[in-house]
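*Asks:* sequence unknown, structure follows:
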């Protein structure tokens, strides 16, 4: 289980401030408007940028922290391919704890636009993706994705993100980053992804996107 105890101890987040930061950013601190990349109310239209609408509050806060290292000389828990800094690193670096909590709270309250959200597109991999999602790959020690992300892909608030409606290419990219260790902020996900091949990853990513 992920530890978000630090979040519970902080002040109650402000929805209006979160909305303003999301829409307008804060250029004095180098914080770009989130809406530019993640779309209206967190409903992204760009597959390189994830849908953030209705993601768990605690999960978003943790990810924002993880784009930068908490200790000098130690790599950030979330890096891009090849160990390069994530494109989010410089933006998150300009955000205060209050900023992170406010914008995370705003996003957690937004509805996923099901008409615009990504969905499954590959019928050929449907059976394979469904098998991994529902039952995992026991012969390789891969747990069922549904156990943590819920059967309908809605995630578990405070612990695991929603994957339904997420871009398949984004889900697949994150699994590969977990596998390579460039994304190193969830040990369990590294162990799972490390036991999956590219076809497994692509199949379950596509299947997850189509869940509702």
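*Replies:* It's in. Bear in mind the structure is a predicted one, so any value in this text is a computation, not a measurement.
*Asks:* So which residues of the chain form helices?
*Replies:* Assigned helices in the chain, in chain order: 5-9, 15-24, 35-38, 57-66, 89-93, 97-108, 126-135, 146-149, 168-180, 187-193, 198-209 (criterion: DSSP state H).
*Asks:* and those as TSV, adding mean neighbour count?
*Replies:* Bear in mind the C-beta positions are built from the backbone N, C-alpha and C, glycine included. Below are the helices of the chain laid out as TSV (neighbours: other Cβ atoms under 10 Å):
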stretch	mean neighbour count
helix 5-9	11
helix 15-24	17
helix 35-38	17
helix 57-66	21
helix 89-93	17
helix 97-108	22
helix 126-135	18
helix 146-149	18
helix 168-180	20
helix 187-193	16
helix 198-209	22
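*Asks:* give the contact list for residue 39.
*Replies:* 45-46, 49, 51 (Cβ atoms under 8 Å, 6 or more residues apart in numbering).
*Asks:* got those residues as TSV, with distance to residue 14 and neighbour count columns?
*Replies:* Putting the contacts of residue 39 into TSV (distance: Cβ to Cβ, whole Å; neighbours: other Cβ atoms under 10 Å) gives the following:
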residue	distance to residue 14	neighbour count
45	27	14
46	27	13
49	24	17
51	23	30
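*Asks:* Closest one of those residues to residue 97?
*Replies:* For these, the residue nearest residue 97 by Cβ to Cβ is residue 49; the value is 23.3 Å.
*Asks:* Would you mind measuring from the residue most central in space within the chain to residue 59?
*Replies:* The structure's the chain has its C-alpha centroid closest to residue 161; by Cα atoms, centre = their mean the separation is 6.0 Å. Using Cβ to Cβ, to the nearest Å, residue 161 is found at 5 Å from residue 59.
*Asks:* any idea what sits nearest residue 200, other than its immediate chain neighbours?
*Replies:* Spatially, and ignoring its direct neighbours in sequence, residue 200 is nearest to residue 132 (6.0 Å; Cβ to Cβ, 6 or more residues apart in numbering).
*Asks:* Then residue 19?
*Replies:* residue 106 is the one closest to residue 19 (Cβ to Cβ, 6+ apart), at 4.9 Å.
*Asks:* The one you found against residue 34, yeah?
*Replies:* No. In this structure, residue 106 is not within contact of residue 34 by Cβ atoms under 8 Å, at 9.1 Å.
*Asks:* joint contacts of the two?
*Replies:* The contact lists of residue 106 and residue 34 share 21-22, where a contact means Cβ under 8 Å, 6+ apart.
*Asks:* picking that back up, identify the contacts common to residue 161 and residue 59.
*Replies:* With Cβ under 8 Å, 6+ apart, residue 161 and residue 59 have common neighbours residue 155.
*Asks:* Give me the below-cutoff pLDDT ranges for this structure.
*Replies:* Applying pLDDT under 70 to the chain picks out residues 1-10.
*Asks:* who's sitting farthest from the centroid in the chain?
*Replies:* The chain, Cα atoms, centre = their mean, max distance from centroid: residue 139 (27.2 Å).
*Asks:* Having no further points to raise, I will conclude here.
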